[in-house]
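A.B. asks: starting from these lines, generate the structure:
(2 chains)
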Amino acid sequence: MKRRACFAGWSFGHVFTAVVLLLLSYSRLVAASPAEREAAIVSRALAFERTLNDRVGRGSIGIAVIHKPHDAASERCGRDWREGFTALASVKIQDRNVTLTSLPYSAEGVGRARAQGVDVFIVCSGLAQESNEITRASRAQHILTVGTVVHYVEQNMSFGVFQEEGKYRMVVNLRFAAAEGVSFSSSMLKLARVLR
Amino acid sequence: MSRSSLLLAVASVVLAASPAAGEQPTPAAPLTVDGTEVSDLEDIEDASFEGLLDMSLSDRLGATEAVSRDAEEVLRAPATLSTLRGDQLRRSGHSSLPELLRQVPGVQVFRSAPGNYVVSIRGAGGLGGNNVVLTIDGIPVNSPLDGSVDWDAVPVHPHDVERIEVVRGPVSSSYGANAYTGVINIVTRDAVGISPAHALRGQAGVGDDGSGYASASGSLVHVGKRLRLKWLFDTTYDALNRDSDTTDHVAHQRAGFVGKIGWQLTDTDLVSLELGRSVSRRSSLDHLVLESQPQRRELLFAQLKVEGGTSGALKSYQLWARSALLNTRTDAAAYAGFSYADTESNRAALGSDFSLKLASWMDASFGALATLDYVAAPYVHPNVTGNTRGGYGGYAGISLNPTSYLDTRIAVRGDVSAVTGRLEESYRVSVGYHGERVGLRLTGATAFREPSYVEAGGRFVDPASRLILLEGTPAIHSPRNSSLELAAILAPTSTLSIHPVVYLSRFDNAIVEDFAPLVRRTFRNDSHPRTLLGGELAATWKVSESVSLHPSLSVLRFLSVNDAQVATIGVPEQNAAVTAGLQLDGTLADERLAYGLGGLFVARRDYSVRAGVPPQILDQGVPAAAYLNASVEYALLATQPLRLSLRGVTHAPTQLIDSPLPGAAPLGSHLMLGLEYASE
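C.D. replies: Residues are numbered from 1 along each chain as shown, chains lettered A, B, ... in the order given. Model (predicted):
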């Protein structure tokens, strides 16, 4: 008589099938949101930005997410980044709270950002033509620029977080960071791809 | 309802609830690092960078070329590798490379006089120091005469070292002769990432006996679009604790440089010329010469290399020509007997290495080399001295990766020794498993040591008595090391990695010294194998972003040995059965202040050997000891790259002599003050 493995009347095949189906249905829940991870990495990098105390003073850290008005992709980028930072709303950076602002791009808006308490620009996609104006304003006001497109960091912005070959990687442009009056610690730079 | 129907119904419900069927997106899982939700943290600093970047174990360990002489992930490297990084080296408090190596489990170091060190690995502790290959940027610099390493002549300051990679175990299948118990690769700094491009530093120190130390060193590195330049220089005067109760040693003095020029031919192909030169002076005290006289050594090494790679089947290639020349000069008339007077040795080599991608799951490598030796010394047989002798070798290897978490490496190599003219084979087989947080590797390997020109072709006639005091054995065979090793890498969190290793080694054909008649030193192979069991543990714990801990432990026990013979290597009593260390380093005040603190315990060693020509019996115990180090480095100005450092080393017992040679100098204690300007 052929023996078959079984439990409570269920054969091994039935149990195996049930397990596989359950795993399939839950597999989509494994990964964390890319926006939340990238926002967390930017926050972590800010924790090791050595001039942050001097630039921020006693207040909270102001982060402005700049997107291009009426550009669907840019607005979606802005929404994702705001959601990422909102998920970390209760987490402090260098013992400071974070104030998040949505900033539709305008030359006047970026020009008076410092007066509005902004310390960091998150520059969304779709602003390649406006990047020179943005970085002119950031260098004049000592605001750190975080580019969401790697080309921005290669061309004129200080910092970015990107997925390269399936892995998250920080990219730092030391020259542009220095122009913005920003200095990252060596322990952070060791984990980054550094552009000179 | 049948079981199959019930199963189908459940499946339908489950799939219907999935995003594919509905309009509601599946919510993302909360971002967690080391089991903690990031959104629940009070400060973002409580989450590690490595965790947030979702760095895999392989990412954290990085890559190396030191094990297989081809770029590979450390996680998949088929041998145990320890890496001492630039920060660890700077913050250790030590100012010499051999002293830094003590931190690595399984490595044994002793110092006989300033600049005069012997380094050995995994049970090969002896007096010759010729069981390890030392490479500088991949260029071997061992003495062609006897395979020993002249640490005093290495022209690199520890602060110009990017990292030191210590490969432990037999790796002749990658390196050929003398990678018998391991390889030490010194990688000099390069302007990659955040490494300073220019540095100039001075150090001055004082020993507890009033002796002095001074050094000046610096580096200049340029990486352009096509042109790459590197220039490192080091000058040292080291008289620290140089005198013993019975012997006044000369101070160690060295001047040297390493220069490299490279030209990027295409995006992937590079041609480079690297040159290193040093002149040094130190005490002559060693296992053949038991007198302390001033001895001058000159080291010159050079390598011309063309290297590159493609995205096709040819992953990488290297074509190279290199040479290492080591001369020793001393005043023979000042010695009562044997000396290394007027010794010249040169090894030139031509070689090629290729790495192929045969399939997505299979890589292969192969290469060949030809060598030409020139040795001239008054204590080498007239048939050997002044002649050139050739050797050659080739290797092939295959790497199978059937899945992302399993791999198998096989390597074979054959070398025809320039010294013996015999073919020596080396093998390595390795099987590895790599998970998210665990790596396991089982490796079996063999290696050989080439008999030295002294052991095979030595001949020294005492000018006074006309007696032959030293005679080589032409038919002597190469000692062999066969090892089976089980290694693991455990990373329970993103900031902690633990590396335990257990190995079983067997030394065959150990070269022993006979004395027949009693005054003549001759050599033969011991037919009795020596077997030893050892274990090593190294860990790195990033306690916080600014503090790291590096504990280490090694144990070693000989299982079988022939007590009647006196070998040049692998004598149990000559090896510390237990070593345990802890190094702490970190930064404060936005990295303006860097500090390091460390200690190492080394168990007792006993030597009962015959050394010198003519032989003397050395019956010497080296007590259990503690080696303690500390350093503090401070950036004088927040905006300018000027750093002041204070470094100190001491030992317990304070006047520890860890060399068995007669008249060896104590290690003592010393303090050093340094100033460095470094900028990008």
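A.B. asks: any idea where the helices of the chain begin and end?
C.D. replies: The chain I'm using is chain A. When assigned using DSSP state H, the helices of chain A occupy the ranges A:12-26, A:34-46, A:52-56, A:72-87, A:107-111, A:131-141, A:150-155, A:174-179, A:186-189.
A.B. asks: hmm, no, I was thinking of chain B.
C.D. replies: Secondary structure of chain B (DSSP H): helices at B:3-16, B:49-52, B:57-61, B:86-91, B:97-101, B:172-175, B:453-457.
A.B. asks: which elements pack onto the fifth one?
C.D. replies: Contact analysis of helix B:97-101 by 3 or more C-beta pairs under 8 Å, 6 or more residues apart in numbering or on different chains; DSSP states H and E lists strand B:107-113, strand B:116-121, strand B:161-168 as its packing neighbours. Where C-beta positions appear, they are placed from N, C-alpha and C, glycine not excepted.
A.B. asks: mind doing that once more with 7 Å?
C.D. replies: Other elements packing on helix B:97-101 under the criterion 3 or more C-beta pairs under 7 Å, 6 or more residues apart in numbering or on different chains; DSSP states H and E are strand B:107-113, strand B:116-121.
A.B. asks: dump that helix to CSV, restricted to CA.
C.D. replies: The C-alpha atoms that make up helix B:97-101 are tabulated as CSV, following Å, rounded to 0.1, in the frame of the first residue of the first chain:
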residue,chain,number,x,y,z
LEU,B,97,53.7,48.6,9.4
PRO,B,98,54.7,45.4,11.2
GLU,B,99,53.4,46.8,14.5
LEU,B,100,50.1,47.4,12.9
LEU,B,101,49.9,43.8,11.7
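A.B. asks: so what touches it?
C.D. replies: Contacts with helix B:97-101, where a contact means C-beta atoms under 7 Å, 6 or more residues apart in numbering or on different chains, come from B:84, B:89, B:92, B:94, B:107, B:109, B:117, B:119, B:151, B:154, B:158, B:164, B:166, B:184.
A.B. asks: cool, and the last one?
C.D. replies: With C-beta under 7 Å, 6+ apart as the test, helix B:453-457 has contacts from B:145-146, B:375, B:380-381, B:384, B:419-420, B:472-474, B:476, B:511, B:523.
A.B. asks: on that earlier part again, distance to chain B and mean pLDDT for the helices of chain A - can I get that in CSV?
C.D. replies: Conversion of the helices of chain A to CSV gives the following (distance: least, C-beta to the nearest C-beta, whole Å; pLDDT from 0 to 100):
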stretch, distance to chain B, mean pLDDT
helix A:12-26, 5, 53
helix A:34-46, 4, 92
helix A:52-56, 9, 83
helix A:72-87, 6, 93
helix A:107-111, 26, 93
helix A:131-141, 18, 94
helix A:150-155, 15, 93
helix A:174-179, 8, 90
helix A:186-189, 5, 84
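A.B. asks: how far away is residue B:161 from residue B:96?
C.D. replies: Counting by C-beta to C-beta, to the nearest Å, the separation of residue B:161 from residue B:96 is 12 Å.
A.B. asks: of the contacts of helix B:453-457, closest to chain A?
C.D. replies: Within those, proximity to chain A (C-beta to the nearest C-beta) peaks at residue B:146, which comes in at 40.0 Å.
A.B. asks: and that closest one, what does it touch?
C.D. replies: Contacts of residue B:146 (C-beta under 7 Å, 6+ apart): B:130, B:452, B:453, B:454.
A.B. asks: quick one: the third one and residue B:229, what's the gap?
C.D. replies: I take that to be residue B:453. Between residue B:453 and residue B:229 the distance is 37 Å, computed by C-beta to C-beta.
A.B. asks: what about the stretch 51-200 of chain B, any weak spots by pLDDT?
C.D. replies: Within the stretch 51-200 of chain B, the segments meeting pLDDT under 70 span B:191-195.
A.B. asks: picking up where we left off before, in CSV: the contacts of helix B:97-101, plus neighbour count and distance to chain A.
C.D. replies: Conversion of these to CSV gives the following (neighbours: other C-beta atoms under 10 Å in any protein chain shown; distance: C-beta to the nearest C-beta, whole Å):
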residue, neighbour count, distance to chain A
B:84, 22, 15
B:89, 22, 15
B:92, 25, 17
B:94, 23, 21
B:107, 26, 25
B:109, 25, 28
B:117, 22, 30
B:119, 25, 28
B:151, 23, 29
B:154, 25, 26
B:158, 21, 18
B:164, 23, 17
B:166, 23, 21
B:184, 24, 23
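A.B. asks: how close does residue B:155 sit to chain A?
C.D. replies: When C-beta to the nearest C-beta, to the nearest Å is the yardstick, residue B:155 and chain A sit 27 Å from each other.
A.B. asks: quick check: closest non-adjacent residue to that residue.
C.D. replies: Across the structure, with C-beta to C-beta, 6 or more residues apart in numbering or on different chains as the measure, the residue nearest residue B:155 apart from its sequence neighbours is residue B:256 (2.5 Å).
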